[in-house]
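sequence first, then the predicted structure, then my questions.
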Amino acid sequence: MAFKKLEIIEPILKAVAAEGYTIPTPIQQQAIPLVLQRKDLLGCAQTGTGKTAAFAIPILQILHEQKPMAPGIKVLILTPTRELAIQINESFAAYGKHTGIRHTVIFGGVSQMSQTNALRRGVDVLVATPGRLLDLMSQGYIRLDKLQIFVLDEADRMLDMGFIHDVKKIIAKLPPKRQTLFFSATMPPEIQKLANVLLTNPAKVEVTPPSSTVEKIEQSLYFVGKMEKPELLLHLLQDKEIKTALVFTRTKHGADKVVKILQRHQVRAAAIHGNKSQNARQGALSDFKNGTLRVLVATDIAARGIDIDELTHVINFELPNIPETYVHRIGRTGRAGNNGIAISFCSAEERSELKDIQKLIGKTIPVIHEHPFIMSANTAAPVPFARQQQQSAFRPRRNFSSHETRGGNHVRRGYGAQRSTGR
């Protein structure tokens, strides 16, 4: 099915074509007609399925058909992170460039002056994070009495990040008569309850089962000692097939530590997390997208808005303690119909997290048994060196060269060889 068959107006079709889109994704095929019919919508879709366009395109069309419009914010899109808010605003700019629809984005961590100036000039679509939205509402810069459409995006992440109370405060200030679009990658009970309160006779779009992982993402698991994770990461990065890698850590300190190790070994890397300034985060993300950086190390909150079609690898340096977060993390790759690879490290201390993740996704992640830092999958204890020699063609390494001479024998130790024998 082409976009034309969804009865999208010509100004938007022209913009969509310029972005290189010809065939809508499953969620776009299902959601766009429902939104155009002004129905409430409950969308359960993985990240990377084209969800933003699924609501942005019909919203732009609804507003364009109302022109000329009275002043006031007609659409509010609430999202958990500044990166995701920026991304959504950029999508409205791309799809709506021929419509004349005014839009802006507001988020915390930066001066509010440019944001309040944009609001004074007047906007039709406002993309916002909860904290900054409440701040500007309390200061009188934002009124929502003219609101027609409310979009709650990444609802499950709002819960994870502790924003649900702020979300409820905002919902209490919305006009009762409105269209509501509710999107979430997973549907834990708390989110289902919120959806039941927000939505009126909603249509439901579910392009994949809740908490499933994108089929085109190839997942693998490495059992490794906690202290040897940096060595394993450097070992894997010897593979030239890893053109770009998004590496996840649990903490900001952990992200900075991994970056320092990578930089010491001449790997181009940067960290992105909440302690970084907005300019630093956007600069690192821009460098990662254009190829200046090979590795971006991120915490979960900072990475939620990262949308890079060409991202080849996601590496879980540390497993998340919330199993749904695993789905979000690996969904950063395998986007826009591309294949992706998700690699996870698991130490003895992370066995319970692994068990919860595999229970959630309903599958066992394949284990790579041959690598220089192997641990037993059953005991989560380091495998003795003698067993390493039996199990693998590799030798434990103390440096990170791709070749080693031992006892007069030249031993090849490349990640490509390891991957071909380990699957």
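That came through, no problem.

from here on, contacts and neighbour counts on C-alpha atoms
OK.

domains of the protein: list them as residue ranges, please.
Taking automatic domain parsing as the domain assignment, the ranges for the chain are 3-206, 217-421.

show the average pLDDT along stretch 180-196.
The pLDDT scores in stretch 180-196 average 89.

same check, this time on stretch 358-375
In this model, stretch 358-375 carries a mean pLDDT of 87.

the domains of the chain into a markdown table, with extra columns for mean neighbour count?
Formatted as a markdown table, the domains of the chain follow (neighbours: other C-alpha atoms under 10 Å):
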| stretch | mean neighbour count |
| --- | --- |
| domain 3-206 | 18 |
| domain 217-421 | 18 |
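
flag whichever of the ones you listed has the least confidence on average.
Among the domains of the chain, domain 217-421 scores lowest, with a mean of 76.

correct me if wrong: Ala269 contacts Ala298.
No - assessed by C-alpha atoms under 8 Å, Ala269 is found out of contact with Ala298, at 10.7 Å.

surely Gly100 forms part of a strand?
No - read with DSSP: H, G, I helix; E, B strand; the rest coil, Gly100 is coil and lies in no strand.

find the residue closest to it in space, skipping its chain neighbours.
Computed as C-alpha to C-alpha, 6 or more residues apart in numbering, the closest residue to Gly100 that is not its neighbour in sequence is His64, at 7.9 Å.

surely the one you found and Thr99 touch.
Yes - under the criterion of C-alpha under 8 Å, His64 makes contact with Thr99 at 6.2 Å.

ok, now which ones touch Pro58?
Counting by C-alpha atoms under 8 Å, 6 or more residues apart in numbering, Pro58 touches 8, 32-33, 35-36.

how about the helices of the stretch 301-423 of the chain, start to end?
Assigned helices in the stretch 301-423 of the chain, in chain order: 323-330, 351-361, 385-391, 415-421 (criterion: DSSP state H, counting those that start in this stretch).

before we move on, what about the stretch 1-150 of the chain?
Using DSSP H, counting those that start in this stretch, the helices of the stretch 1-150 of the chain run over 10-18, 26-36, 51-64, 82-95, 113-121, 130-138.

mind putting those into a markdown table with distance to Ile374?
Compiled in a markdown table, the helices of the stretch 1-150 of the chain are given as follows (distance: least, C-alpha to C-alpha, whole Å):
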| stretch | distance to Ile374 |
| --- | --- |
| helix 10-18 | 48 |
| helix 26-36 | 40 |
| helix 51-64 | 39 |
| helix 82-95 | 36 |
| helix 113-121 | 51 |
| helix 130-138 | 44 |
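
which one, of these, ends up nearest to Asp239?
Set against Asp239 and scored by C-alpha to C-alpha, these come closest in helix 82-95, at 29.3 Å.

counting by contacts, list what the closest one packs against.
Helix 82-95 sits against helix 10-18, helix 51-64, strand 103-106, strand 125-128, with contacts defined as 3 or more C-alpha pairs under 8 Å, 6 or more residues apart in numbering; DSSP states H and E.

would you format the ones you listed as JSON lines with distance to Arg329 included?
Formatted as JSON lines, those follow (distance: least, C-alpha to C-alpha, whole Å):
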{"stretch": "helix 10-18", "distance to Arg329": "27"}
{"stretch": "helix 51-64", "distance to Arg329": "16"}
{"stretch": "strand 103-106", "distance to Arg329": "24"}
{"stretch": "strand 125-128", "distance to Arg329": "22"}
